[in-house]
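*Asks:* I'd like to go over a predicted model; first the sequence, then the structure.
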Amino acid sequence: MLDGIVKGRSPNEPAPLGGILKAAVALIAVCSLSLALRPAMGVVDRPVVEDAFYCYTVSYNLAHGKGITIDGSTLTNGFQPLFVFVCVPLFALAGNHKVLAIRLVFVFEWALYMATALFLAQIVRDFIASDDDRVSSLIPWLTAALYLSAALVFLQHFNGLETGCLLFFYAATWRYYQASLRDSHRHYLALGLLLGLLVLARIDAVFFVLILCVNELLSRRKLRFRERAVRFLELSFPSFLVSSPWWVYNLVEFHSLMPTSGRAEQAWGLSAMRWRIIVVAFERALAPWIYSSESHLDWTAGTAVRSLLLLGVIVMGIRFRRQLVESFCRYTSASEESRRALEFVGCLAVSLIVLAFWYVLSSWATHCYTRYLAPLGLVGVFLLAFAGAQLYRRIPAFVSVGASVLLVIPILVGTVILWRANTFFAGSPMLRQQLKLVTKYVPPNDVVAAGQSGTLGYFRSNVVNLDGKVNADAFGYQSRMREYLPKVQAQWLCDWPSYVRGYLGDHPEEYGWRLVAREGEFVLYHQDATRAGR
C-alpha cells in the first residue's frame, strides 16, 4: 500500500528510529508526571492558569456538599461541566488538603494526555494500514512522540481547565468513528452518547456535533433519505439527551443557554486585532511544536517561524498536489477505517473554522483564542505523522534519528523550568502577589472582592467575584459596581489598578476607598465604613 515508503532502504536494515521514539515517549511521560511532585508553591503555579481555580473551587464545593457554587452559597454556571464533575471524587479523596487535590488533578490530566496520544497513534496507524510490519510498528510511536512533544499541547493538557479533557474526547470520538462505527442502530446510538459527552466537555463542541450529524444526513447518497434521517436522529438525539441536564440547569437558574463565563466575555463587533490574533491562534494550533507562551518572542519570532513552516507546507502541497490526492484516495478507497478517519478530520476542520468566526465576531477574550482552537492540534499531528510515515525511508537515517531526539528537548527544558519556577520565571501574579496581599492585610472573616478572583477564591473564603464569569449576580452591576459592593458586604477590593478604576472610578477616595498596599501588579483598597455611600 505504501509505494512511496517501501522504496529506499532495505527492509532488513536495522532501524534505530523505533527504539528512539519509544524512549522519547517514555521520557516525556516520566518528566510530565514528575511535575505532580513539585513543591506546593510550584504545583499550584504554572502551567495551571488563573481560570482553572474557578473549576477547582466548584469541584471542591461539590465534594464537600456545598453544591454547584463558587463561594459555598452562590450558584454558578461559569465552567465547562464534565471536567469539573469528573474531578469531584479527587477533591473528595483529598479532603481539605487543597494542594493535594491539585496534585491528584494533575495526575488525572496526565492520564488524559497519555490516552489522547494513544488514540491518535491508533488512528494514524489504521489510516495508513501498511503491509510493512516495521512501518506499522513505527507509526504509532511516531504519532505519540509528535503529540506528546508539542509544547502547546503539553501546556494545554496541564492548564487545569477542560482543554485536556476536550482533546481526549475528540480523540476518543474520532477513534470510535474510525474503528468501531458500523451500520447498526446500536453503534450510532453509542456514538451519539460520545458526542453528548464531548459537548459536556466543552459546550462549543456543539458546532462539531451539528456538522457531523448533518454530514451523516447529506453525504450518504447511496442510502435512502429515510435511512439517513434515522442516522441523523440516532446521533443528534442521544447527544442532546446526555447534555440536556446542563442546558436545563442554565435555563432554569440563569435564564440563558450561555454560561456567565461566556456572557461576561461577549462583545459583538468587527475588529482587525481579533482577526490578527485568530490567525496566530490557527498557526499555533497547526504547528503546536513552536510555542513559547504568550510572550513577545512567540508573537514575533514564533509567528515568523510558524508562518514560514506553514507556507512551506502549502507550497509543497501545491507542488505535489497530484501525488497527495492519489495517496489519500488510495487509502480512503482501500479501507473503510481510512475513509472515516479522513471524514472526521474534514468535519472537525470545518467546525473549527466556524468556531473561529463565532469567537472573532462575538468575544473580546482574544487571550483565549489559542485555547479555543486547541482541537486543531489533533489535525496538525495527524497530518505530520502521515507525512513522516511517507518520508521515513526516503531520508537518511541520521536525519530521522536526530529529529526524533530533538522532539524531547522542549518538554525536557519545560520540565526543568517548571521544577525551578522561582529561578526562571515570576510565576502567577495572582498567586504570588494578589493572594499575598490579601493574606497579609485582610482579616480572615472580612469579605474581599476582585475581578480576577480564581486563585484568591480557591485558597480563601469570603471572596466575591466581580467580573461576572462565575458570579451571575455581579454580571448586571458591571457599570455600577459601587452599588453592588455594599450588597455583598465587601469592604476590601484587590485587583489590577485598571480593574479598580473600572469598578470605583478614577478617584476611589471620593467614595471612601483607601489604598492600603501594593504588591507587584496588584493594589489593595479598603473602604472606610464611616464614609461609605458618599
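*Replies:* Okay, I see it.

*Asks:* His185 - nearest residue in space that isn't next to it in sequence?
*Replies:* Leaving aside its sequence neighbours, His185 sits nearest to Glu234 (CB to CB, 6 or more residues apart in numbering; 6.1 Å). (Each C-beta comes from the backbone N, C-alpha and C, glycine too.)

*Asks:* List the residues that contact the one you found.
*Replies:* 185, 188-189, 192 (CB atoms under 8 Å, 6 or more residues apart in numbering).

*Asks:* Restricted to helices, list the residues you listed.
*Replies:* 185, 188-189, 192 (DSSP state H).

*Asks:* just the buried members of the contacts of Glu234?
*Replies:* For the contacts of Glu234, a burial check counting by 16 or more other CB atoms under 10 Å picks out 188, 192.

*Asks:* got TSV for the contacts of Glu234, with pLDDT too?
*Replies:* Shown next, in TSV, are these (pLDDT from 0 to 100):
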residue	pLDDT
His185	85
Tyr188	91
Leu189	93
Gly192	94
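
*Asks:* Show me the residue sitting in the middle of this structure in space.
*Replies:* Thr163 (2.3 Å; CA atoms, centre = their mean).

*Asks:* That residue: what's its closest spatial neighbour, skipping adjacent residues?
*Replies:* Closest to Thr163 by CB to CB, 6+ apart is Gln156, at 4.4 Å.

*Asks:* secondary structure class for the one you found?
*Replies:* helix (DSSP: H, G, I helix; E, B strand; the rest coil).

*Asks:* okay, now it: neighbour count?
*Replies:* When counting by other CB atoms under 10 Å, one arrives at 26 neighbours for Gln156.

*Asks:* One more: Glu162?
*Replies:* Neighbour number of Glu162 under other CB under 10 Å is 24.

*Asks:* wait, isn't it in contact with Gln80?
*Replies:* Yes - using CB atoms under 8 Å, Glu162 is in contact with Gln80, at 4.0 Å.

*Asks:* how near is the residue nearest to Phe53 when sequence neighbours are not counted to Val447?
*Replies:* Excluding its sequence neighbours, the residue lying closest to Phe53 (CB to CB, 6+ apart) is Gly454, at 3.6 Å. Look at Gly454 and Val447: by CB to CB, to the nearest Å, they are 17 Å apart.

*Asks:* quick revisit: dihedrals phi and psi, the residue nearest to the centre of the chain?
*Replies:* The phi and psi values for Thr163, taken as degrees, to the nearest 10, are phi -60, psi -50.

*Asks:* any weak-confidence spans in the chain?
*Replies:* Where the chain drops to pLDDT under 70, the residues are 1-15, 130-132, 323, 326-334, 393, 396-400, 421-426, 529-534.

*Asks:* Which stretches in it count as strands?
*Replies:* With DSSP state E as the criterion, the chain has strands at 447-450, 463-465, 490-495, 513-519, 522-527.

*Asks:* Let me know which of those is the nearest to Glu109.
*Replies:* Comparison of the strands of the chain against Glu109 by CB to CB identifies strand 463-465 as nearest, at 24.2 Å.

*Asks:* partners of the closest one in the sheet?
*Replies:* strand 447-450 (parallel) (DSSP bridges).

*Asks:* Run through the residues that contact Gln527.
*Replies:* Applying CB under 8 Å, 6+ apart, the residues near Gln527 are 485, 491-493, 511-514.

*Asks:* which non-adjacent residue is nearest Phe232?
*Replies:* Nearest non-adjacent residue to Phe232 (CB to CB, 6+ apart): Leu217, at 4.3 Å.

*Asks:* can you check Leu118 too?
*Replies:* Counting by CB to CB, 6+ apart, Leu118 lies nearest to Ala144, which is 6.9 Å off, once chain neighbours are set aside.

*Asks:* residues touching that neighbour, list them.
*Replies:* With the criterion set at CB under 8 Å, 6+ apart, Ala144 makes contact with 21, 25, 117-118, 120-121.

*Asks:* Check Gly468 too.
*Replies:* Contacts of Gly468 (CB under 8 Å, 6+ apart): 260, 263-264, 474-475, 478.

*Asks:* Can you say which of the residues you listed are buried?
*Replies:* Judged by 16+ other CB under 10 Å, buried ones among those: 260, 263-264, 474-475.

*Asks:* what's the closest of the ones in helices among the contacts of Glu234 to Gly42?
*Replies:* Gly192 (41.9 Å).
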